[in-house]
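Novice: Pasting the sequence and the predicted model now:
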Amino acid sequence: MKNSTPHILIIEDEPDINELLVISLEKNEYTVSKSFDGESGLKMARKSLPDLILLDLMLPGINGLDVCKLLKSEKDTFHTKIIMLTALSQENDIVKGLEIGADDYITKPFSIKVLNARIKSVLRRNTNEEKSLGDSIIIENIQITSRTRTVKIGKDILDLTFTEFQILFLLATHQGWVFTRYQIIDKIRGNNYSVTDRSVDFQIVGLRKKMGSKGKLIETIRGVGYRFHLNET
């Protein structure tokens with residue numbers, strides 16, 4: 001039987017950061033394993049099948065993007081959650097990582113408090129996704145009913161377009177998940193329904209306006225895409 005305590009694997013080549021992460025995670029009562037390079041990290045991930053991996057992108061040998069791609073292409077590790085540890089200058093790599101299946105990212109230097117919030121959010125996603133399969137969800141006083149495609153904020157019913165509804169439903173049911181524009185396009189487009197990366201931005205602007213003060217819950221991640229905001233303070 002799988003241990004009920006989440007198992008987190010750290011793949012980080014900087015010893016000081018690696019040890020800081022181990023101390024923080026063990027303090028939060030996670031089971032922790034650590035690796036200092038991509039090759040050994042891959043072996044450990046395949047053997048122990050952790051619940052989540054904290055993956056540095058700039059690793060010696062096999063880099064973090066290749067580690068992520070390999071793990072997300074294999075049956076046994078496909079569902080393993082991955083949070084990328086990145087530098088501010090790695091926007092293109094962040095987008096690539098999200099496109100190939102990483103669940104989130106955090107830039108160095110990072111706040112341990114924020115990192116712990118991101119970890120909890122990613123580990124909660126399976127539960128949240130199961131709940132979202134129901135007919136109606138309520139988040140931040142926003143009621144979204146998939147069967148009738150209606151959205152209510154308080155007593156007000158919003159007049160949303162097809163695409164606006166799809167975007168809001170996608171983001172709200174994956175709270176905290178960062179989606180690139182192309183991931184949003186892939187998730188919401190129907191047969192013969194044309195959506196472009198620029199039109200995603202346009203739809204987000206319109207959606208925020210219709211949502212009023214709640215529009216700020218849709219957060220722009222510079223150079224990457226969008227997510228439904230989490231309180232990380």
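Specialist: Yes, it's here. Numbers count the residues shown, from 1 in each chain.

Novice: Please count neighbours and contacts with C-alpha atoms only from this point.
Specialist: Fine.

Novice: Show me what counts as buried in the helix or strand harbouring M44.
Specialist: Counting by DSSP states H and E, the element that carries M44 is helix 38-48. For helix 38-48, the buried set under the neighbour-count rule, 16 or more other Cα atoms under 10 Å, comprises G38, E39, G41, L42, M44, A45.

Novice: nearest to G154, of those residues?
Specialist: A45 (45.2 Å; Cα to Cα).

Novice: residues in contact with the closest one?
Specialist: Under the criterion of Cα atoms under 8 Å, 6 or more residues apart in numbering, the contact list for A45 reads L9, T77.

Novice: how close does it sit to K34?
Specialist: For A45, the distance to K34 equals 10 Å [Cα to Cα, to the nearest Å].

Novice: still on that earlier bit, which among the buried residues of helix 38-48 gets closest to A87?
Specialist: Nearest to A87 among the buried residues of helix 38-48: G38, at 17.2 Å, using Cα to Cα.

Novice: Where do the helices of the chain begin and end?
Specialist: 15-27, 38-48, 64-72, 91-99, 112-132, 162-172, 181-188, 197-211 (DSSP state H).

Novice: hang on, the earlier thing: overlap in contacts, A45 and K34.
Specialist: The contact sets of A45 and K34 overlap at L9 (Cα under 8 Å, 6+ apart).

Novice: rewinding a little: export only the CA atoms of the helix holding M44, formatted as PDB.
Specialist: Taking Å, rounded to 0.1, in the frame of the first residue of the first chain, the C-alpha atoms of helix 38-48 are listed here in PDB:
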ATOM      1  CA  GLY A  38      19.300  14.500 -14.000                       C
ATOM      2  CA  GLU A  39      20.500  10.900 -14.600                       C
ATOM      3  CA  SER A  40      20.300   9.800 -10.900                       C
ATOM      4  CA  GLY A  41      17.000  11.800 -10.600                       C
ATOM      5  CA  LEU A  42      15.500   9.900 -13.400                       C
ATOM      6  CA  LYS A  43      16.500   6.600 -11.900                       C
ATOM      7  CA  MET A  44      15.100   7.500  -8.500                       C
ATOM      8  CA  ALA A  45      11.800   8.800 -10.000                       C
ATOM      9  CA  ARG A  46      11.300   5.600 -12.000                       C
ATOM     10  CA  LYS A  47      12.100   3.400  -8.900                       C
ATOM     11  CA  SER A  48      10.200   5.200  -6.100                       C
END
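
Novice: That concludes my questions; thank you for your assistance.
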